[in-house]
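In: Below are the sequence and a predicted model; questions follow.
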Amino acid sequence: MSEILVLAEIENGTLHSTAGELLAAARKLAAELNLDVSAALFGEITEDITGEVVALGADNVYTASHPKLASNVADAHVAALEQICQQASPTAVLTAKTPLGRVVGPRLAYRMGVGVAQDCMNVTGEKISGKITVTRPVYGGNAMAAFTFTDKNPQFIVVRVKAFEALERDDSRVGRIVELDMDIADDQIKVKLIETVKEESEGVKLEDASVIVSGGRGLGGPEPFSQLEELAKMFNGAVGASRAVCDAGWLDHSYQVGLTGKTVSPDLYITVGISGASQHMAGCSSSKSIVAINKDSEANIFKEASFGVVGDWEKVLPSFTATVQELLSS
Ligand SMILES: Cc1cc2nc3c(=O)[nH]c(=O)nc-3n(C[C@H](O)[C@H](O)[C@H](O)COP(=O)(O)OP(=O)(O)OC[C@H]3O[C@@H](n4cnc5c(N)ncnc54)[C@H](O)[C@@H]3O)c2cc1C
């Protein structure tokens with residue numbers, strides 16, 4: 001039986017959150033095309049990690065602990081994944097749109113002379129033809145387009161972070177673990193990792209927050225973000241921003257949500273002074289509820305929001321925050 005292969009990344013000794021998301025996407029495709037789901041795990045692999053990958057949906061797990069795979073340098077991952085592709089002949093290979101996955105997938109596709117689709121938000125398998133179709137944003141996020149692969153396998157699909165929700169862990173699942181001896185020659189490694197500089201951040205990470213309070217150009221400057229911070233803290237949430245804010249230098253680009261920023265899918269996404277441009281919404285439209293505060297009743301954000309307040313944020317936000325505080329403490 002052929003398979004859908006997922007590159008399940010390991011970061012700092014734990015399974016990266018995108019692994020569960022890719023496995024969920026792969027399980028969907030596998031069900032539609034009647035295939036197995038396999039995962040490739042490279043680096044510092046523990047029993048807990050292989051168990052987690054199986055519990056999240058893998059039928060087969062290929063593991064390789066070659067020293068060259070210890071750091072997340074793409075060259076070694078491309079070489080290792082290529083060897084798995086040669087042995088397993090997967091129908092499709094899914095990588096996440098992470099710094100590693102967004103490089104490994106396309107590079108290997110080019111090397112193997114097959115197609116690649118970047119930044120995919122959905123994947124569908126057509127039972128009769130066996131063809132895979134992906135959906136991805138085009139024209140700067142102003143439209144979504146569906147692309148169907150030709151028959152040449154494997155089909156490389158780079159999946160946007162948070163586009164899929166990981167399946168619930170099922171510890172009763174049993175998987176086949178295949179330990180591989182990788183042959184990675186020195187001349188296959190062109191890049192040397194010299195240093196990793198970690199971004200210092202306080203509190204919950206934007207990508208992991210269940211509540212996000214995002215501010216836009218309508219705030220008028222960087223100072224009002226302290227009020228957004230105050231509201232976010234009440235929910236143990238995080239602050240986000242539109243690109244206009246980051247481009248203006250009011251906040252660092254690590255706060256940016258959108259097509260060219262981070263993709264988030266919190267339970268609650270509160271926007272203050274954000275117009276709701278399609279490129280911003282591309283990064284937050286999978287939020288469970290969107291609440292908008294904007295003085296322009298015609299702003300696009302109101303088309304996307306579940307709840308909205310038309311008004312000046314300077315008047316609305318203080319009473320909104322006070323009410324939240326009251327409700328949370330009652
Ligand atoms: C290729 C490409 C990629 C892009 N990627 C991203 C991306 O990743 N993320 C992103 O955010 N954008 C992105 N953009 C930019 C995007 O098109 C918008 O320009 C941007 O999102 C606008 O930010 P904004 O809503 O903060 O500002 P504006 O569009 O200027 O909107 C400000 C809003 O604030 C409201 N407002 C003003 N004063 C008040 C007040 N006192 N009280 C309440 N409301 C008020 C206004 O009514 C308005 O709706 C991208 C654009 C391109 C072309």
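Out: Thanks, I have the structure now.
In: interface residues of the stretch 201-330 of the chain facing the ligand?
Out: Residues of the stretch 201-330 of the chain lying near the ligand by CB under 6 Å from any ligand atom: 216-218, 242-245, 256, 258-261, 273-275, 277, 279-280, 283, 293-296, 299, 312-313. Bear in mind the C-beta positions are built from the backbone N, C-alpha and C, glycine included.
In: Can you tell me how far the most centrally placed residue in the chain is from the ligand?
Out: Centroid-nearest residue in the chain: V161, 0.8 Å away (criterion: CA atoms, centre = their mean). For V161, the distance to the ligand (CB to the nearest ligand atom, to the nearest Å) stands at 13 Å.
In: Wait, a strand at that residue?
Out: No - V161 is assigned coil when assessed by DSSP: H, G, I helix; E, B strand; the rest coil, not a strand.
In: which residues touch it?
Out: Shown in contact with V161 (CB atoms under 8 Å, 6 or more residues apart in numbering): 18, 21, 96-98, 207, 262-263.
In: Below-threshold pLDDT in the stretch 1-150 of the chain: ranges please.
Out: Across the stretch 1-150 of the chain, the ranges flagged by pLDDT under 70 are 1.
In: Strands along that one, start to end?
Out: In the stretch 1-150 of the chain, the strands defined using DSSP state E, counting those that start in this stretch lie at 3-8, 10-11, 14-15, 36-42, 60-64, 92-96, 116-120, 122-125, 132-138, 143-148.
In: So which elements touch the fourth one?
Out: Helices and strands touching strand 36-42, by 3 or more CB pairs under 8 Å, 6 or more residues apart in numbering; DSSP states H and E, are strand 3-8, helix 17-33, helix 47-55, strand 60-64, helix 74-88.
In: Dump these to CSV, plus distance to F156 and mean neighbour count.
Out: Putting these into CSV (distance: least, CB to CB, whole Å; neighbours: other CB atoms under 10 Å) gives the following:
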stretch, distance to F156, mean neighbour count
strand 3-8, 10, 30
helix 17-33, 12, 23
helix 47-55, 20, 19
strand 60-64, 17, 22
helix 74-88, 10, 20
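In: Can you lay out these as CSV showing distance to D187?
Out: As requested, the helices and strands packed on strand 36-42 are exported to CSV (distance: least, CB to CB, whole Å):
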stretch, distance to D187
strand 3-8, 23
helix 17-33, 30
helix 47-55, 30
strand 60-64, 19
helix 74-88, 10
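In: Out of the strands of the stretch 1-150 of the chain, which is closest to the ligand?
Out: When these are compared by CB to the nearest ligand atom, strand 132-138 sits nearest the ligand, at 9.8 Å.
In: for the closest one, which positions count as buried?
Out: Residues of strand 132-138 classed as buried under the neighbour-count rule (16 or more other CB atoms under 10 Å) are 132-137.
In: is the ligand contacted by that strand?
Out: No - judged by CB under 6 Å from any ligand atom, strand 132-138 stays clear of the ligand, getting no closer than 9.8 Å.
In: What distance do you get for the residue nearest to I45 when sequence neighbours are not counted to S38?
Out: Distances taken as CB to CB, 6 or more residues apart in numbering place T63 nearest to I45, at 4.9 Å, with adjacent residues excluded. According to CB to CB, to the nearest Å, T63 and S38 sit 11 Å apart.
In: Check A30 too.
Out: According to CB to CB, A30 stands 10 Å off from S38.
In: picking that back up, which of the contacts of V161 sits closest to the ligand?
Out: Checking the contacts of V161 one by one against the ligand (CB to the nearest ligand atom), the nearest turns out to be K262, at 8.2 Å.
In: That closest one: what's it in contact with?
Out: For K262, the contact set (CB under 8 Å, 6+ apart) comprises 161, 206-207, 240, 254, 256, 283.
In: now with 7 Å?
Out: Taking CB atoms under 7 Å, 6 or more residues apart in numbering, we find K262 in contact with 206-207, 256, 283.
In: Hmm, I212 is touching N236, no?
Out: No - I212 lies out of contact with N236 (CB atoms under 7 Å); the separation is 11.3 Å.
In: Between which two of the buried residues of strand 132-138 is the distance greatest?
Out: Using CB to CB, the two most remote members of those are I132 and P137, lying 18.0 Å apart.
In: Enumerate the positions of stretch 319-330 that are buried.
Out: Neighbour counts using 16+ other CB under 10 Å place 320-321, 324 of stretch 319-330 among the buried residues.
In: what does it rub up against?
Out: Contacts of stretch 319-330 (CB under 7 Å, 6+ apart): 230-231, 234.
In: Highest neighbour count among these?
Out: When neighbours are counted by other CB atoms under 10 Å, L231 leads the contacts of stretch 319-330 with 20 neighbours.
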